[in-house]
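1. fold the following and give me the result.
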Amino acid sequence: MNVLIVARKEIQEGLRNRWVLATTLLLATLALTLSFLGSAPTGNVGVNRLDVVIVSLSSLTIFLVPLIALLLSHDAIVGEAERGTLLLLLSYPLGRSEVVFGKFLGHLAILAFATLFGYGAAAAALTATGAAIGAESGRAFAFMVASSVLLGAVFLAIGYLTSTLARERSTAGGIAIGIWLFFVLIYDMALLGALVAAQGHAVPSLLLDLLLVANPTDAYRLLNLGSGSTAALSGMGGIAGHTGLSAPILIGALIAWIAVPLGWANVVFSRREV
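-> Next comes the predicted model:
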């Protein structure tokens, strides 16, 4: 019950600080733009328009949702400490774990609402144009939206770990941006460079699997773009064919990426002096 009270407090603060409105409008605007611009040429090539939208929105998610999640969560603990409100919060009959999990659920609710409304608006607008949407494509779109929320939860958990370890908001912000750059840009560039350096030698399947699940954005990319009609459009079919990573394994990897940082953050916060 206390967890839900803390979560409601975070949602109310998000509404007051315009976080909910800002993230929802941003995702909706970009999703609508990608939906109409990205699906425009498909009429002549026989490609399902919603499949093109799924590829476009998945790419948008990889860059934008982790950044939004880190911006929401990086000062969740250290920011309260700097403002002097953490002591007040802990003076209530709340356990420290209830504070961490309550804040996490509140931020997750904000991110989930923004994602569902933003991406849902794109699907609704595409449907309103009279585009034919098959049942398989509809399921793939719903799965993409749900997994986007899951990816956001991963980076919320990482942001909470950053917030409990850092002693200043500025430090936490710098670390959060570094984390975003590493997982979204640097990691894949380094992995591609390593594959090129292998000079055509086959990479062991197990090693490739471990390298892919070691980055939550790669796990998300494979989950949404590694099979079905979207695989050919995204170019991920070749990589997916050389891995043994099924959808349950990839979902399990993302859940582990949530549980480990969030559990670690809870342990660190429980020992932190305030």
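2. helices and strands around the longest helix along the chain, which ones?
-> In the chain, taking DSSP state H as the definition, the longest helix is helix 96-128. Judged by 3 or more Cβ pairs under 8 Å, 6 or more residues apart in numbering; DSSP states H and E, helix 96-128 is in contact with helix 2-16, helix 19-38, helix 49-73, helix 85-90, helix 135-165, helix 247-270. C-beta: built from backbone N, CA, C; applies to glycine.
3. so for Leu208, which of those helices sits nearest?
-> Taking Cβ to Cβ, helix 247-270 is the member of the helices and strands packed on helix 96-128 nearest to Leu208, at 13.1 Å.
4. okay, buried residues for the closest one please.
-> With burial defined by 16 or more other Cβ atoms under 10 Å, the residues of helix 247-270 counted as buried are 249-251, 253-254, 257-258, 261-262, 264-266, 268-269.
5. which residues does it contact?
-> With contact meaning Cβ atoms under 8 Å, 6 or more residues apart in numbering, helix 247-270 is reached by 77, 96-97, 99-101, 104, 147, 150-151, 153-154, 157-158, 160-161, 163-165, 213, 216, 219-220, 222-223, 227.
6. again, only using 7 Å
-> Here helix 247-270 makes contact (Cβ atoms under 7 Å, 6 or more residues apart in numbering) with 77, 96-97, 100, 104, 150-151, 153-154, 157-158, 160-161, 164-165, 213, 216, 219-220, 222-223.
7. need the pLDDT of Ile255.
-> Per-residue confidence at Ile255 stands at 96 (pLDDT).
8. separation between the nearest residue to Val213 once chain neighbours are set aside and Tyr92?
-> In space, and not counting its chain neighbours, Val213 is closest to Ala253: 4.2 Å by Cβ to Cβ, 6 or more residues apart in numbering. Remark: distance between Ala253 and Tyr92 (Cβ to Cβ, to the nearest Å) = 36 Å.
9. circling back to that earlier point, so for Ala190, which of the helices and strands packed on helix 96-128 sits nearest?
-> helix 49-73 (16.3 Å).
10. next helix or strand past the closest one?
-> helix 78-83 (DSSP states H and E).
11. run through who's touching that following helix.
-> Against helix 78-83 from outside (Cβ under 7 Å, 6+ apart): 86, 89, 163, 166-169, 172, 274.
12. hmm, 8 Å instead?
-> The contact list for helix 78-83, computed with Cβ under 8 Å, 6+ apart, reads 75, 86, 89, 163-164, 166-169, 171-172, 274.
13. quick revisit: could the helices and strands packed on helix 96-128 go into CSV alongside distance to Asp209?
-> Formatted as CSV, the helices and strands packed on helix 96-128 follow (distance: least, Cβ to Cβ, whole Å):
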stretch, distance to Asp209
helix 2-16, 35
helix 19-38, 30
helix 49-73, 19
helix 85-90, 41
helix 135-165, 18
helix 247-270, 8
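14. nearest to Ala176, of the ones you listed?
-> Nearest of the helices and strands packed on helix 96-128 (Cβ to Cβ): helix 49-73, 4.2 Å.
15. which strands and helices sit next to the closest one?
-> Counting by 3+ Cβ pairs under 8 Å, 6+ apart, helix 49-73 packs on helix 19-38, helix 96-128, helix 135-165, helix 169-181, helix 216-225, helix 229-234.
16. nearest to Leu181, of the helices and strands packed on helix 96-128?
-> Closest among the helices and strands packed on helix 96-128, once you apply Cβ to Cβ, is helix 49-73, at 9.8 Å.
17. buried set for that closest one?
-> Neighbour count says helix 49-73 has 49-62, 64-73 buried, by 16+ other Cβ under 10 Å.
18. same question for stretch 165-175.
-> The neighbour-count check on stretch 165-175 (16+ other Cβ under 10 Å) flags 165-166, 169, 172-173, 175 as buried.
19. in a markdown table: those residues, plus distance to Ala197 and pLDDT.
-> A markdown table is the format used below for the buried residues of stretch 165-175 (distance: Cβ to Cβ, whole Å; pLDDT from 0 to 100):
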| residue | distance to Ala197 | pLDDT |
| --- | --- | --- |
| Leu165 | 33 | 93 |
| Ala166 | 35 | 92 |
| Arg169 | 39 | 91 |
| Ala172 | 35 | 93 |
| Gly173 | 34 | 93 |
| Ile175 | 29 | 95 |
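20. having no further points to raise, I will conclude here.
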